[in-house]
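Engineer: Sharing a model prediction with you, sequence too.
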Amino acid sequence: MTTSAQLLMRARDKGLRIATAESCTGGMLSAEITKAAGSSDIFDRGFVTYSNAAKQDMLGVTDASLKAYGAVSEQVAIEMADGALARSVADLALSVTGIAGPGGSDSKPEGRVCFALARKGAKTKAHTVEFGALGRENVRQASTAYALDLLIQAAT
């Protein structure tokens, strides 16, 4: 069974609807979720917010957080997930923001990706994964797979 089918089965069993807020994955997570036939039962919507302006306009990420922490931060990931949850009919929202590469800096290296999971009635949780300098496409694919696994775990 594919991971998108696993998510469909688990979320359907729990009666959960899902939203995504993506930056570095550029919609790959939403595309992966919707690979499973019947995904419309669980997937409400996806926000692709690549620019800071899109994060602010579509998800309500604050200018203060972007200036203080930067787009690739757990704080911004939390605001993205909270914004997706608030702007959808979803029960779960997952955000992804990171540096796919090439490039990065000493303080924010290539392959650093922040994830946040928002759930109705619960505190939003975020964490960071250092995938390393795998190359742009590999970081994006690894981030998508990781995010999908987070959603499967959350739907259990």
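Structural biologist: Yes, it's here. Because the structure is a prediction, the values reported are computed rather than measured.

Engineer: okay, now the residue nearest to Asp41 when sequence neighbours are not counted: neighbour count?
Structural biologist: Leaving aside its sequence neighbours, Asp41 sits nearest to Arg12 (CB to CB, 6 or more residues apart in numbering; 5.5 Å). Placement of C-beta: from N, CA and C, glycine included. Arg12 has 15 neighbours, counted by other CB atoms under 10 Å.

Engineer: what does Glu130 give?
Structural biologist: Applying other CB under 10 Å, I find that Glu130 has 11 neighbouring residues.

Engineer: Same question for Ser88.
Structural biologist: Here the number of neighbours of Ser88 (other CB under 10 Å) works out to 19.

Engineer: Verify the stated contact: it with Ala19.
Structural biologist: Yes - Ser88 lies in contact with Ala19 (CB atoms under 8 Å); the separation is 4.0 Å.

Engineer: Pull up the overlap in contacts between those two.
Structural biologist: With contacts taken as CB atoms under 8 Å, 6 or more residues apart in numbering, the residues that reach both Ser88 and Ala19 are Asp44, Arg45.

Engineer: Validate this expectation: the residue nearest to Asp41 resides in a helix.
Structural biologist: Yes - assessed with DSSP: H, G, I helix; E, B strand; the rest coil, Arg12 lies in a helix.

Engineer: To which secondary structure element is the residue nearest the centre of the chain assigned?
Structural biologist: The C-alpha lying nearest the average C-alpha coordinate of the chain belongs to Ser95 (CA atoms, centre = their mean; 2.4 Å). Take DSSP states H and E as the rule and Ser95 turns out to sit in strand 92-98.
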